[in-house]
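Trainee: when you get a sec, could you give me coordinates for this:
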Amino acid sequence: MSSDLLVDLSDDLGADDPSSNALDHLKLSPMEDKQWPQDLSTMSKSETDITRQLGEGSHLSWDHPYYDIARHQIVEVAGDDNFGRKVIVFNACRMPPHHELDHHKLLMYLKATLDQYVESDYTLIYFHHGLTSENKPSLSWIRDAYREFDRKYKKNIKALYIVHPTMFIKTLLILFKPLISFKFGRKINYINYLSELEDILKCEQLVIPARVRDYDNKLRASLKPSAQVPMSPPRSPPLPNQQFGVPLAILRARRSDEDPVPVVMRDTVSFLTEQGLEIEGIFRRSANVTLVKEVQLRYNSGEEMSFSQMEDVHLAAVILKTFLRELPEPLLTYQLYNDIVNFHNVESSTQVSAIRSMLENLPEENYESLKFLIQFLALVSAQSEVNKMTNSNLAVVFGPNLLWGQDAAMTLSAIGPINNFTKTLLDQQHLVFSA
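Mentor: Numbers count the residues shown, from 1 in each chain. Next up is the predicted model:
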């Protein structure tokens, strides 16, 4: 790295910009291995089809207005974090050279992506490594982009994590400090090593670019032995009464009544049915981090829980989503993954019978738990005029918590189809689960 060329960025802002003088010594080190995303025009038909199939979470078709942006996978949606907040990821290393990318269009695409989630609490993760002199947007674009994101976008962002920060990005934030509100500034966090992300979310749900992983390994290797950072935090052995992260079949076998629906789902749904149906934005808000961990610990220790004593409806909602997300295998199972991702090819007239046929393959505890959950969500949706949670909104929240792929890359590419399947399941639940 010592031989990397330092590139001056001071020409990125006009001379009339008051911050331009401060940029005289701002440098950016480019990477030596510039592996830009392949252009579709140079790819074979089969490669192109695969790129279209796996490109972006919403399965954008090649003629979609944002397809040329989405195919680079610069912006991705990665399910929820450990606190029930939707995660949006921005990968700097996937940005092609600036002359090959319409940065204004990228900004519009980022806004269009966030528009689907800004009514909920959400987290933004920015992988900074790979921003080079060749693919960096101008500083004036960064400034205008920040201004473009008004209160609608900033209100519900709970945290911005900058992974592998450099002196460049830290200096940049100092220069832009007059533009950044104090409240927003407190949401910015630096992540020096990928292992630190484990405190925020399950890293296997992220498609972390190989270049970023390699860079993280180089950082670790450069540390003195006494300062080595573990690859991932040590995991505690499972407790005898553990509820989170345990297969449904084991949870059922532990119960004297062999109830197929786990106790966490029974408790949260019972409380939310009584207290949460008319709460606006239910399932869209995060909960106190300390309380979430406390509740998980109490469940895993075999204690009985009473959410009515916690005085926070959103806590029960987050615990329900967290329980589903931490299952070793998703509620809809890996076996149904391909069928659900390709469900959009099923004729509307046969969708109900197709869903029923799929669900017949579920283990009994999965089927009964799914039925229990979906029928509860139908009650939530029935109050959507008050709580604003329509089937579409519920599908966006619960889709990624009901199904994910064993290959994380497929998980992100399939979020759109999974959400669409979940909406159809909610729309047709009275027929799907009829006797």
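
Trainee: pLDDT at residue 183, what is it?
Mentor: Each residue has a pLDDT score; the one for residue 183 is 83.

Trainee: from the chain's centroid, how far away is the lengthiest helix in the chain?
Mentor: Ranked by residue count, the top helix of the chain under DSSP state H comes out as helix 364-382. From the chain centre to the centre of helix 364-382 is a distance of 23 Å (CA atoms, centre = their mean, to the nearest Å).

Trainee: ok, and what's touching that helix?
Mentor: Residues lying outside helix 364-382 but in contact with it, judged by CB atoms under 8 Å, 6 or more residues apart in numbering, are 248-249, 251-252, 260-262, 265, 269, 272-273, 276-277, 282-283, 324, 331-333, 359, 362, 387, 389-391, 394, 398, 402, 425-426, 429-430, 432-433. For every residue, glycine as well, the C-beta is placed using N, CA and C.

Trainee: now stretch 273-290
Mentor: Judged by CB under 8 Å, 6+ apart, the contacts made with stretch 273-290 from elsewhere in the structure are 82-85, 119-121, 158, 272, 307-308, 312-319, 321, 376, 379-380, 383, 386-389, 393-394, 397-398.

Trainee: any chance of a PyMOL selection covering the buried ones in those?
Mentor: Here is the PyMOL command that selects only those of the contacts of stretch 273-290 that count as buried (16 or more other CB atoms under 10 Å):
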select buried, resi 82+83+84+85+120+121+158+272+307+313+314+315+316+317+318+319+321+376+380+383+387+389+393+394+397+398
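
Trainee: inside strands: which ones of the contacts of stretch 273-290?
Mentor: Per DSSP state E, strands hold the following members of the contacts of stretch 273-290: residue 158.

Trainee: quick one: contacts for the residue nearest to the spatial centre of the chain?
Mentor: Centroid-nearest residue in the chain: residue 78, 2.5 Å away (criterion: CA atoms, centre = their mean). Residues touching residue 78, when contacts are defined by CB under 8 Å, 6+ apart, comprise 87, 88, 89, 125, 201, 205, 206, 207, 412.

Trainee: now stretch 417-432: mean pLDDT?
Mentor: Summarised as a single mean, pLDDT over stretch 417-432 is 95.

Trainee: next one: it to chain centre, how far?
Mentor: Centroid displacement of stretch 417-432 relative to its chain, using CA atoms, centre = their mean, is 21 Å.

Trainee: now what about that stretch, what contacts it?
Mentor: Residues outside stretch 417-432 that contact it (CB under 8 Å, 6+ apart): 59, 340-344, 351-352, 355-356, 359, 374-375, 377-378, 381, 391-392, 394-396, 398-400, 402-403.

Trainee: just checking, the residue nearest to the centre of the chain is part of a strand?
Mentor: Yes: applying DSSP: H, G, I helix; E, B strand; the rest coil, one finds residue 78 inside a strand.
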